[in-house]
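Colleague: build me a model:
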Amino acid sequence: MYDVLLRGGWVLDGTGAPAFRADVAVEDGRIAAVGALPGAGAATVVDATGRYVAPGFVDAHVHGDAAVLDPAVQLAALRQGVTTFVLGQDGLSYAPATPAALAFATRYFAAVNGTHPGLGPGPVSVADLLATYTGTTALNTAYLVPHGTVRHSVLGATARAADPAGLAAMARLVEQSLDEGACGISTGLEYVPGRYADTAELAALAAVAARRGLPHVSHMRGYESAASGAMTELLAVARASGVATHVSHYHGPADELVALVDDARASGLDLTFDAYPYLRGCSILAMVALPRELDDPDPDRTLDALGDPAVRARLAAETDPDLWPRIVLAHVPSDDFAWAEGLRLTDAARKAGSSPAAFCAELLLATRLQAGAVFDQPPTNSDASVRALLRHPAHIGGSDGIYIGGSPHPRGWGAFARMLARHVVELGDWTWEQAAVHLAAHPARRFGLADRGLVRTGMAADLAVIDPHAVADRADYGDARQVADGIADVLVAGVPVLAGGALTGRTPGRPLSPR
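Modeller: So this is what the prediction gives:
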């Protein structure tokens, strides 16, 4: 008798080899047998006939640092076959943090990560944070050391370069965080305070991860037309430190972006990227709309500046007018402006009888800079570009899911289902076998999760059962919180967490450390 038996499915083992029909038996949280098991029994038997049995997917880029504790978010992920969230993205999260750094990261990234319900005022170590994910969620978690939080913890709200003493203190904090179970380091080079780091600082901290064979994951200093220069910087960091490099939410003109990756890999660098199948992005409104000199490492200084009529005049005069109609207000935490949530910024400004620049400034003041936005990418990020990036062998699946706001981006509820329904079933960009590699095996390798990503005896039993005829993403920009179809049964660590499409209420998830 086994704990769980998945009977008669077609196994996608994660190696890219052709699917094969087999039973999969689970005992003590691990895969005990894969093959014909006609006489086997189990406490729980799942009839997988006509369905694929795949390794649980690893979301390589997701802002679930607080949301992973929400059962509704767990359901959204599991209904897409996702069993592990990689957290600590874009250089900003809750640990390791002094009280001031925790307050900053929580406030600055309020529209992205929200507020963690289980943390006090700080200080918070990575070990403290990871403890909040143990036995409290149906999903596994892996965590990247966020450079911006580390920087704020050591240097405070400053734009200055790190001196040798500050750099040494940051390196010690990264080292300690890796000791406590983090799986790499992340940087957010368009956000504060990460944008104030120079190449020497990035290389010194990346080297700490490199010594352990762990990656540097980066929201680059720019995308689209700025992608070439931004990638040049990351590759300089890689060469100086020896670190493996992973680019977050890579997007832009496919020919240029693919050539950058191919050239780097041909030179011997270990470079991967994640990309999601949508043509809109999502972030904090301040980063999208404000010129760099206004997006200060001290949010109060930004608020003071926005109250200055001269600054507002410059905002109106110097902002590309094509930007405003591309912005949709996703999260508006203000009673006075809640009506604007879900509207294009230009439509909201018109409704308020204001110019787009003046309305944006007023909204940022009213929300204390905590507004979020969905925004159209430039036309260079085309459907053809998305497809080319997904097909690339260096691609890893990531949703960039953000679960905050009344009108969020649908990617957190639909990215993985969309990759299956559209890019496997409809368009044939991947085979089912390739999908298991891109969405499970590759990210497990990238983050050192050695016992995940494959359906093989002895591996951890994170497994998703997929109906290839029913898989579909239902979330869209009008109703982002619709869960996906076609994945009704999921195991995490051998425990059924999704059965018949519903949460079982069991919470075997835990932080995963590289090994």
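
Colleague: use CA for all of it now, contacts and neighbours both
Modeller: Will do.

Colleague: doesn't S225 belong to a strand?
Modeller: No: under the criterion used here (DSSP: H, G, I helix; E, B strand; the rest coil), S225 is helix, not part of a strand.

Colleague: the chain should start at 298 in everything you say after this.
Modeller: OK, 298 is where the count begins now, so the last one is S522.

Colleague: and the nearest residue in space to it that is not next to it in sequence, how far from G669?
Modeller: Here the nearest residue to S522 in space, its sequence neighbours aside, is G549; by Cα to Cα, 6 or more residues apart in numbering that works out to 7.6 Å. Per Cα to Cα, to the nearest Å, G549 is found 22 Å from G669.

Colleague: who's more crowded, the two?
Modeller: Comparing G549 with G669 by other Cα atoms under 10 Å, the one with more neighbours is G669, at 32 against 24.

Colleague: can you tell me the SS state at the residue nearest to S522?
Modeller: Following three-state DSSP, we place G549 in the coil state.

Colleague: quick check: it vs A454, distance?
Modeller: 32 Å.

Colleague: list of residues touching the worst-scoring helix or strand of the chain on mean pLDDT?
Modeller: Every helix and strand in the chain was compared by mean pLDDT, DSSP states H and E; the lowest is helix 606-615, with a mean of 93. By Cα atoms under 8 Å, 6 or more residues apart in numbering, the residues outside helix 606-615 that reach it are L587, P588, A602, L603, P653, A654, A655, A658.

Colleague: repeat that for stretch 433-441.
Modeller: Applying Cα under 8 Å, 6+ apart, the contact partners of stretch 433-441 are 365-368, 371, 380-386, 430, 478-483, 789, 794, 802-810.

Colleague: what sits against E477?
Modeller: E477 makes contact with V423, A424, according to Cα under 8 Å, 6+ apart.

Colleague: leaving out the residues flanking it, which one is nearest to H444?
Modeller: G388 (4.7 Å).

Colleague: can you list phi and psi of the closest residue to G709 other than its chain neighbours for me?
Modeller: Nearest residue to G709, sequence neighbours excluded (Cα to Cα, 6+ apart): G698, at 3.8 Å. Per-residue torsions, G698: phi -60, psi 130 (degrees, to the nearest 10).

Colleague: same question for the one 10 residues further on.
Modeller: Note on R708: backbone dihedrals following degrees, to the nearest 10 are phi -60, psi -30.

Colleague: re the thing from before, and the gap between the residue nearest to S522 and T542?
Modeller: When G549 is compared with T542 (using Cα to Cα), they lie 19 Å apart.

Colleague: from memory A668 sits against H628, does it?
Modeller: Yes: at 5.2 Å, A668 and H628 qualify as touching, with contact defined as Cα atoms under 8 Å.

Colleague: so where do the helices sit in the stretch 648-797 of the chain?
Modeller: Using DSSP state H, counting those that start in this stretch, the helices assigned to the stretch 648-797 of the chain run over residues 653-663, 680-688, 708-717, 729-733, 739-743.

Colleague: okay, those helices in JSON lines with mean pLDDT and distance to L620 next?
Modeller: Output for the helices of the stretch 648-797 of the chain, formatted as JSON lines (pLDDT from 0 to 100; distance: least, Cα to Cα, whole Å):
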{"stretch": "helix 653-663", "mean pLDDT": "97", "distance to L620": "10"}
{"stretch": "helix 680-688", "mean pLDDT": "97", "distance to L620": "20"}
{"stretch": "helix 708-717", "mean pLDDT": "98", "distance to L620": "22"}
{"stretch": "helix 729-733", "mean pLDDT": "98", "distance to L620": "35"}
{"stretch": "helix 739-743", "mean pLDDT": "98", "distance to L620": "34"}
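
Colleague: need the winner for burial among these.
Modeller: Highest mean neighbour count among the helices of the stretch 648-797 of the chain (mean count of other Cα atoms under 10 Å): helix 708-717, with a mean of 28.

Colleague: so that helix versus helix 680-688, what angle?
Modeller: Per axes from the mean of the first three to the mean of the last three Cα atoms, to 10 degrees, the angle that helix 708-717 makes with helix 680-688 is 80 degrees.

Colleague: by contact count, what packs against helix 708-717?
Modeller: helix 368-375, strand 698-699 (3 or more Cα pairs under 8 Å, 6 or more residues apart in numbering; DSSP states H and E).

Colleague: make a markdown table out of these and add mean pLDDT, distance to V608 and mean neighbour count.
Modeller: Listed next are the helices and strands packed on helix 708-717 as a markdown table, based on pLDDT from 0 to 100; distance: least, Cα to Cα, whole Å; neighbours: other Cα atoms under 10 Å:
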| stretch | mean pLDDT | distance to V608 | mean neighbour count |
| --- | --- | --- | --- |
| helix 368-375 | 99 | 39 | 22 |
| strand 698-699 | 98 | 30 | 25 |
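
Colleague: how about the ones you listed in TSV, adding distance to D567?
Modeller: TSV is the format used below for these (distance: least, Cα to Cα, whole Å):
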stretch	distance to D567
helix 368-375	28
strand 698-699	25
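
Colleague: nearest to R469 among these would be which one?
Modeller: Ranking the helices and strands packed on helix 708-717 by proximity to R469 (Cα to Cα) places strand 698-699 first, at 30.4 Å.

Colleague: which residues touch that closest one?
Modeller: Here strand 698-699 makes contact (Cα under 8 Å, 6+ apart) with 358-361, 409-410, 579, 705-710.

Colleague: let's see that with 6 Å instead.
Modeller: Here strand 698-699 makes contact (Cα atoms under 6 Å, 6 or more residues apart in numbering) with V359, H360, V409, R708, G709.

Colleague: in helices only, show me the contacts of stretch 433-441.
Modeller: Among these, DSSP state H puts P368, Q371 in helices.

Colleague: ok, the closest residue to R688 other than its chain neighbours - how many residues close by?
Modeller: Excluding its sequence neighbours, the residue lying closest to R688 (Cα to Cα, 6+ apart) is D726, at 6.2 Å. Neighbours of D726 under the rule other Cα under 10 Å: 19.

Colleague: and D726, how far is that from D680?
Modeller: To D680, D726 is 12 Å away according to Cα to Cα.

Colleague: output the below-cut-off pLDDT ranges for the stretch 298-447 of the chain.
Modeller: Nowhere does the stretch 298-447 of the chain drop to pLDDT under 70.

Colleague: can you map out the strands along it?
Modeller: 299-308, 317-324, 327-332, 339-344, 349-352, 354-356, 359-360, 379-384, 437-440, 442-443 (DSSP state E, counting those that start in this stretch).

Colleague: now tabulate the ones you listed in TSV and tack on mean neighbour count and distance to E553.
Modeller: Listed next are the strands of the stretch 298-447 of the chain as TSV, based on neighbours: other Cα atoms under 10 Å; distance: least, Cα to Cα, whole Å:
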stretch	mean neighbour count	distance to E553
strand 299-308	23	36
strand 317-324	23	38
strand 327-332	20	42
strand 339-344	15	46
strand 349-352	29	32
strand 354-356	32	25
strand 359-360	26	25
strand 379-384	27	27
strand 437-440	26	31
strand 442-443	32	28
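
Colleague: for G783, which of those is the nearest?
Modeller: When the strands of the stretch 298-447 of the chain are compared by Cα to Cα, strand 349-352 sits nearest G783, at 10.6 Å.

Colleague: which residues touch that closest one?
Modeller: Against strand 349-352 from outside (Cα under 6 Å, 6+ apart): G306, W307, V308, L309, G750, L751, V752, D759, L760, A761, V762, I763.

Colleague: okay, and the beta partners of the last one?
Modeller: What that stands for is I763. Taking DSSP bridges as the rule, I763 bridges to Y349, I784.

Colleague: so it makes contact with A345?
Modeller: No: in this structure, I763 is not within contact of A345 by Cα atoms under 6 Å, at 8.5 Å.

Colleague: comparing the two, which residue is more hemmed in?
Modeller: More crowded of I763 and A345, by other Cα under 10 Å: I763, with 26 against 23.

Colleague: what does the pLDDT read for the more buried one?
Modeller: On pLDDT, I763 comes in at 98.

Colleague: give the contact list for it.
Modeller: Neighbouring residues of I763 by Cα under 6 Å, 6+ apart: R348, Y349, G783, I784.

Colleague: many thanks, we can stop here.
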